[in-house]
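[1] Okay, here's the prediction I keep looking at, along with the sequence it came from:
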Amino acid sequence: MVAKAIHKNSKRKFESLVVVNCAAIPSGILESELFGHVKGAFTSAVKDRSGKFEAANKGTLFLDEIADMSLAAQAKVLRALQEKKIQRVGNEKDIKVDVRVLAATNKDLNQEIKEGRFREDLYLSLIHISEPTRPERI
């Protein structure tokens with residue numbers, strides 16, 4: 001709900017809001033989903049395919065459960081944020097993207113960093129918004 005509200009109240013509201021549940025996509029497929037691929041990049045890549053970053057160009061990409069993403073995928077997301085460029089799997093050609101990335105997780109990212117499951121440099125590149133705590137019910 002927060003991602004939708006941010007998107008709808010921004011200058012990007014007339015562009016796409018693309019949602020990706022990182023926990024629901026196997027790690028071997030996630031990079032292709034996010035960045036696309038070229039024909040022949042892997043066995044089932046029978047044609048070129050754009051990814052979620054390209055689909056969200058000029059709009060917003062919401063990465064739900066970002067802490068479930070592999071370290072390799074995190075590195076590519078960090079590169080996309082820093083350089084505003086992506087590469088489709090199996091290609092070396094850069095594609096410029098203008099995407100606002102929003103992310104969420106239910107995990108403690110500080111603990112994930114300590115345990116080597118989340119990149120500290122990606123964490124430091126994020127602006128953190130915490131959900132307000134709800135009062136306990138009696």
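    Structure's in. What do you need?

[2] Low-confidence ranges, this protein, go.
    Applying pLDDT under 70 to the chain flags the ranges 131-138.

[3] in which helix or strand would I find Asn110?
    Take DSSP states H and E as the rule and Asn110 turns out to sit in helix 109-114.

[4] Give me the distance from that helix to the chain's centre.
    Centre-to-centre, helix 109-114 and its host chain are 18 Å apart (C-alpha atoms, centre = their mean, to the nearest Å).

[5] who does that helix touch, helix- and strand-wise?
    On a contact count with 3 or more C-beta pairs under 8 Å, 6 or more residues apart in numbering; DSSP states H and E, helix 109-114 meets helix 120-124. No exception for glycine: its C-beta is placed from N, CA and C like everyone else's.

[6] residues making contact with the helix it packs on?
    For helix 120-124, contacts defined as C-beta atoms under 8 Å, 6 or more residues apart in numbering pick out 74-75, 77-78, 81, 109, 113.

[7] Which two of those have the greatest separation?
    The span of the contacts of helix 120-124, defined through C-beta to C-beta, is set by Leu81 and Ile113 at 17.0 Å.
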